[in-house]
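Q: Predicted model and sequence follow; I will ask about them next.
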Amino acid sequence: MENIERSVVQVIADHYDISYSYPWSFIGKYSSTGSGFCILWKDKKYILTNAHCVKNSNDVVLRRRGFSETFAATILWIVHECDLALLDVCDKNGKKIEKFWSDMLPLELGNMPNKLDKIYVYGYPLGGFNISVTKGVVSRIQIIKHSNGLTAIAIQVDAAINFGNSGGPVVDKTGKIVGVSFAGENDSTTQNMGYIIPPIIVEYFLQSIPKKIEHSQQFAGLCDLELFTQSLDNETLQKYIELPKDKTGILVTGVSNNNASSKYIKQGDVIMYVDGKQINNDGTMFLSDLLSIYGNTTNLGTDEIILYHNYIHLKNPGDSIELTLWRKKKEKTVKFTIEQNYFPVPRFEHQSSLSYFILMGMVFLPISYPLIKEKNNNQEYVCHLVELVKYCKKFEKDEQVIILSDIFASKFTEGYPVGNFILDSINNVKVKNMRHLIEVVKKQIESSEILIFNFKDRDVMIILNSSDIKKYDRSIREENIGSGVPSFAL
């Protein structure tokens, strides 16, 4: 126990809330405390914690048990989809600070626990400066929805997990890590229900870390087939597609054009097996099939289930995948390589680039799900954006959907409407992405007397004089948002 407590740290961070409509500004700030612990990666010591403990933060400090001082930490690698982050404590020259790391022993990763196994939760929950230890048992393994909207495998325990426990280690009686604390249920509706991230997710996270972490490098995203699917629990539907009674699977109702799977899977297919593992009619598969890949054994039996997405999410870009399909009354097997996903419309906060371009008070932004959600909450019209992202066409690499998000008041744009219009072209030059938008504007200002902005699916035309842009662009921006904001950020 003494070695474990020396390896657990308190994580203290200042976070900022982002405005997606006005990404040059922040709409709020708050502080949080969490927990973390020492692990070994590439024969060096690091701190593992939850991603949500350090997200949107430029100021993270760590405090060890028995130390009154704190140590500044650097976020080396963060994967929000796993809710995990790797931290380091070093000086300006990149050398580890010995005072922090001395006598700290890395904890060892264990296997998936069994139901009713005893577990011990370490961390710094609210209410005190000293480390806390609670104990309990493993209740079950199930799928829950994370705060970022993803469904993932989690281990439910009955040990107390409170605010501040997030990121702390959960160990078995031998002291090996069987999970990382990350969530607790509302006490008003439940009793003794907490959740920890299982070892297979921790292992996936560690494997995702590049051999050499480059500056600003980011996790590519979980693998996914990018399909729209429907359960096959309805007997009439089963008869219509003539699926044999001894077969089960999930019906494909749509296929994204921006994924490698679109070359092999068609609308109307039924996916019956993935890598030889059976998919049930409700889109679930057996947890034991997933665990067998990682050499994990538990007493869960064959009745524990997960979503088939969870199996695919734990693959890496470049891995092969084999699907057995029911197509036109026949079985068909397809095998292909899963590629890195390309998201022309980012789905989560951490995927959003927060880039912008301001011209004569007109604010241009690349759309993302968080931006659409924020605008919808602000009672803005976004139905056309929802339709676009739901039934999107095939996008080219690096292509972005750009909208005219707002127009600051000036005599040069007076009377021009604002409706989150999707930008199509400037002077008949199609705009590909934010970087290209800036290049086109600069070129057209020098070569044309006027700039004509055309928009998709909207009969709206906006025209600006190049001479006015050269003379008044900066002053309009500074009058509306201050002198410290640049005209663009990419």
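A: Looks like it came in fine. In this text, all values refer to a predicted model and were calculated from it rather than measured experimentally. Numbers count the residues shown, from 1 in each chain.

Q: First-to-last residue distance for stretch 427-435?
A: The stretch stretch 427-435 measures 17 Å between its terminal residues, going by C-alpha to C-alpha, to the nearest Å.

Q: I meant to write stretch 44-55 there.
A: The first and final residues of stretch 44-55 sit 24 Å from each other (C-alpha to C-alpha).

Q: now stretch 124-138
A: Distance between the two ends of stretch 124-138: 21 Å, counting by C-alpha to C-alpha.

Q: who touches S483 in this structure?
A: Contact partners of S483, counting by C-beta atoms under 8 Å, 6 or more residues apart in numbering, are absent. Yep, even glycine has a C-beta here, placed from its N, CA and C like the rest.

Q: Could you verify that it is part of a helix?
A: No: secondary structure assignment (DSSP: H, G, I helix; E, B strand; the rest coil) places S483 in coil, not in a helix.

Q: now the helices for the stretch 51-200 of the chain?
A: 98-101, 199-208 (DSSP state H, counting those that start in this stretch).

Q: can you list those in JSON lines and add mean pLDDT?
A: JSON lines is the format used below for the helices of the stretch 51-200 of the chain (pLDDT from 0 to 100):
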{"stretch": "helix 98-101", "mean pLDDT": "95"}
{"stretch": "helix 199-208", "mean pLDDT": "93"}
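
Q: out of these, deepest packed?
A: Highest mean neighbour count among the helices of the stretch 51-200 of the chain (mean count of other C-beta atoms under 10 Å): helix 199-208, with a mean of 19.

Q: just checking, what packs against that helix?
A: For helix 199-208, the packing partners by 3 or more C-beta pairs under 8 Å, 6 or more residues apart in numbering; DSSP states H and E come out as strand 74-79, strand 84-88, strand 151-157, strand 177-184.

Q: go again using 10 Å as the cut-off
A: Contact analysis of helix 199-208 by 3 or more C-beta pairs under 10 Å, 6 or more residues apart in numbering; DSSP states H and E lists strand 26-41, strand 44-49, strand 74-79, strand 84-88, strand 151-157, strand 177-184, helix 287-293, helix 308-313 as its packing neighbours.

Q: one step back: now the helices of the stretch 51-200 of the chain in JSON lines, with distance to D319?
A: Formatted as JSON lines, the helices of the stretch 51-200 of the chain follow (distance: least, C-beta to C-beta, whole Å):
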{"stretch": "helix 98-101", "distance to D319": "35"}
{"stretch": "helix 199-208", "distance to D319": "11"}
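
Q: so which of these comes closest to Y416?
A: The closest of those to Y416 is helix 199-208. By C-beta to C-beta, the value is 45.7 Å.

Q: Rounded mean pLDDT for the next helix or strand after the closest one, please.
A: Heading C-terminal from helix 199-208, the first helix or strand you meet, by DSSP states H and E, is strand 227-230. Here strand 227-230 scores 91 as its mean pLDDT.

Q: Kindly report the same for stretch 156-172.
A: Confidence over stretch 156-172 (mean pLDDT, whole number) is 93.

Q: What's the local residue count around the nearest residue to E449 once chain neighbours are set aside?
A: The spatially closest residue to E449, leaving aside those adjacent along the chain, is S466, at 5.7 Å (C-beta to C-beta, 6 or more residues apart in numbering). Using other C-beta atoms under 10 Å, S466 is surrounded by 16 other residues.

Q: Also A160?
A: 15.

Q: what bits of the stretch 51-200 of the chain have low per-residue confidence?
A: Under the criterion of pLDDT under 70, the regions of the stretch 51-200 of the chain flagged as low confidence span 147-149, 184-191.

Q: Direction included, what does the one helix or strand Q10 maps to pair against?
A: The secondary structure element spanning Q10 is strand 8-18 (assigned by DSSP H and E). For strand 8-18, the pairing partners within the sheet under DSSP bridges are strand 26-41 (antiparallel), strand 57-64 (antiparallel).

Q: Tell me the confidence at N296?
A: Each residue has a pLDDT score; the one for N296 is 58.

Q: typo on my end, I271
A: As predicted, I271 sits at a pLDDT of 97.

Q: mind listing what it touches?
A: Residues near I271 by C-beta atoms under 10 Å, 6 or more residues apart in numbering: 225, 227, 229, 249-252, 265, 279, 283, 308, 323-326, 334.

Q: So for the host helix or strand of it, what gets flagged as buried?
A: Per DSSP H and E, I271 falls inside strand 270-274. Neighbour counts using 16 or more other C-beta atoms under 10 Å place V270, I271, M272, Y273, V274 of strand 270-274 among the buried residues.
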